[in-house]
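A.B. asks: Take a look and give me a structure for this.
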Amino acid sequence: MNKLLTYLNTKQYFTNHWKCDVFSNAFYLSDAELKRWSITRLQLEALPQVKTVGMNKYNIVGVNEINTSLLKPTGRPLTDLHRWMLDRLQETELPNEMEVSPYWNTFFNHRERFPEFFFKVDTFSGRVHTPITGMSHLIRPNLILRNEKTVSLDVSQMQPTLLGAILKNSVGTNSFSQAIDEGLDIYSMLQSTAQLDGRKEGKKRFFEILFGKPNDQLTKMLKGANWLDWINQYKSADEPRNPNGREKQYSNLAWLLQTYEVQIMSKIWRELAEKAIPFLTVHDEIIVQEQHLQQATEIMTNILNKHFIKFKINTK
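C.D. replies: This is a model prediction of the structure:
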């Protein structure tokens with residue numbers, strides 16, 4: 001039991017996060033991990049050192065020992081490109097005077113000995129997760145890469161833009177793809193068409209469409225839009241490529257969108273790496289040194305042009 005608690009405490013130590021203004025060191029424990037340690041969830045949650053803080057999420061208290069040999073990097077095997085990106089992550093710093101999260105300190109103190117603990121390619125879609133993807137949006141602009149200030153580029157409405165391209169290929173002519181190709185604000189379009197209370201409600205509904213279970217309520221509000229019919233059907237279909245499809249069919253669309261995003265971003269990452277432009281990544285966002293802003297923008301624009309009719313790159 002002591003070895004299990006040491007494992008849990010070590011896992012907690014290496015998975016601290018601070019997003020926006022909220023710090024959480026809760027960690028997720030899968031059924032597979034419980035099976036590996038021959039313990040049920042009920043037995044685990046009965047331990048006085050284990051505090052339940054959410055669905056299958058925990059904190060460990062009163063345990064001090066850390067043993068990194070009990071941990072193994074998770075996710076997909078790293079490619080040569082991923083390893084190049086990991087090397088750039090190790091060259092990243094924050095100003096000394098900045099207040100940083102415990103997780104950043106953990107990363108900073110252990111990145112040379114255990115770099116792969118801080119770089120995960122998820123098994124769901126191949127998205128890359130690092131201490132920077134979970135970093136507060138208030139802190140991220142202060143990142144320093146190879147001793148230089150950085151600037152970020154991301155795609156406005158990336159998820160809607162991806163969906164517009166997918167729908168065009170799967171459904172043909174549809175109002176959603178047309179709105180994307182015209183450069184319209186999709187959240188305002190949904191709000192107006194469905195007569196919702198403001199753009200914020202339109203955005204909320206959009207992400208319900210993306211990540212929620214099939215629902216015909218919005219279809220009725222949008223007077224039977226053919227693209228919504230396709231989404232509901234796809235979320236109910238057998239999608240063997242989706243790693244979570246058997247248990248959560250409704251995740252089909254999230255899987256498809258994130259996989260498409262990774263395919264596009266990987267082309268951008270590879271071209272940046274081939275041109276020896278150091279960068280960091282946060283899903284559809286890249287972070288480069290200020291001196292490489294123009295070159296990175298050109299690379300990003302050229303690749304996005306091959307996939308989308310209209311898009312907008314934000315620089316900040």
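A.B. asks: Go ahead and measure how far the lengthiest strand in the chain is from the middle of the chain.
C.D. replies: Taking DSSP state E as the criterion, the chain has its longest strand at strand 148-155. The chain centroid and the centroid of strand 148-155 are separated by 17 Å under Cα atoms, centre = their mean, to the nearest Å.
A.B. asks: Which positions within it qualify as buried?
C.D. replies: 150, 151, 152, 153, 154, 155 (16 or more other Cβ atoms under 10 Å). (Each C-beta comes from the backbone N, C-alpha and C, glycine too.)
A.B. asks: try stretch 131-138
C.D. replies: Those buried within stretch 131-138 under the rule 16+ other Cβ under 10 Å are 131, 132, 133, 134, 135, 136.
A.B. asks: any idea how far the third one lies from residue 270?
C.D. replies: The reference is to residue 133. Separation of residue 133 from residue 270 (Cβ to Cβ, to the nearest Å): 19 Å.
A.B. asks: same check, this time on the second one
C.D. replies: For residue 132, the distance to residue 270 (Cβ to Cβ) stands at 19 Å.
A.B. asks: tell me what the helix or strand where residue 83 lies is packed against?
C.D. replies: Using DSSP states H and E, residue 83 maps to helix 80-89. On a contact count with 3 or more Cβ pairs under 8 Å, 6 or more residues apart in numbering; DSSP states H and E, helix 80-89 meets helix 252-274, strand 279-282.
A.B. asks: Toward the C-terminus, what is the element adjacent to it?
C.D. replies: strand 92-93.
A.B. asks: which other residues reach that following strand?
C.D. replies: Outside strand 92-93, the residues that touch it by Cβ atoms under 8 Å, 6 or more residues apart in numbering are 108, 132, 143, 144, 145, 147, 280.
A.B. asks: pLDDT (mean, whole number) over it?
C.D. replies: The average pLDDT for strand 92-93 rounds to 96.
A.B. asks: Return the distance of it from the chain's centre.
C.D. replies: Put simply, strand 92-93 sits 20 Å off its chain's centre (Cα atoms, centre = their mean).
A.B. asks: I'd like the next helix or strand past that strand.
C.D. replies: helix 102-110.
A.B. asks: surely residue 268 meets residue 303?
C.D. replies: Yes - the pair residue 268 / residue 303 is scored as a contact, 5.3 Å apart, by Cβ atoms under 8 Å.
A.B. asks: Name the residues of stretch 34-53 that are buried.
C.D. replies: 34, 44, 50.
A.B. asks: Give me the residues contacting the helix or strand that the first one is a member of.
C.D. replies: Secondary structure assigned from DSSP H and E places residue 34 in helix 31-36. Residues from elsewhere that reach helix 31-36 (Cβ under 8 Å, 6+ apart): 40, 41, 44.
A.B. asks: pLDDT (mean, whole number) over it?
C.D. replies: 92.
A.B. asks: centre of the chain versus the helix or strand that it is followed by, how much separation?
C.D. replies: Next helix or strand after helix 31-36 toward the C-terminus (DSSP H and E): helix 41-45. Averaging C-alpha positions (Cα atoms, centre = their mean) puts helix 41-45 29 Å from its chain's average.
A.B. asks: Show me what helix 41-45 packs onto, helices and strands only.
C.D. replies: helix 31-36.
A.B. asks: Over to the residue nearest to residue 14 when sequence neighbours are not counted: give its phi and psi.
C.D. replies: Setting aside the residues directly before and after it, residue 14 is nearest to residue 117 in space (Cβ to Cβ, 6 or more residues apart in numbering), at 5.3 Å. Backbone dihedrals for residue 117, given as degrees, to the nearest 10, come out at phi -70, psi -20.
A.B. asks: could you pull out the helices for the stretch 201-316 of the chain?
C.D. replies: 217-221, 226-235, 252-274, 293-305 (DSSP state H, counting those that start in this stretch).
A.B. asks: And those: which comes nearest residue 68?
C.D. replies: Each of the helices of the stretch 201-316 of the chain has some distance to residue 68 by Cβ to Cβ; the shortest is helix 252-274, at 28.3 Å.
A.B. asks: so for the closest one, what's the average pLDDT?
C.D. replies: Average pLDDT, helix 252-274: 97.
A.B. asks: Identify all contacting residues around that helix.
C.D. replies: Under the criterion Cβ under 8 Å, 6+ apart, residues 81, 84-85, 124-127, 158-159, 162-163, 165-166, 209-211, 231, 234-235, 237, 239, 241-245, 279, 281, 283-284, 286, 288, 296, 299-300, 303-304, 307 lie in contact with helix 252-274.
A.B. asks: Many thanks, I have nothing further to ask.
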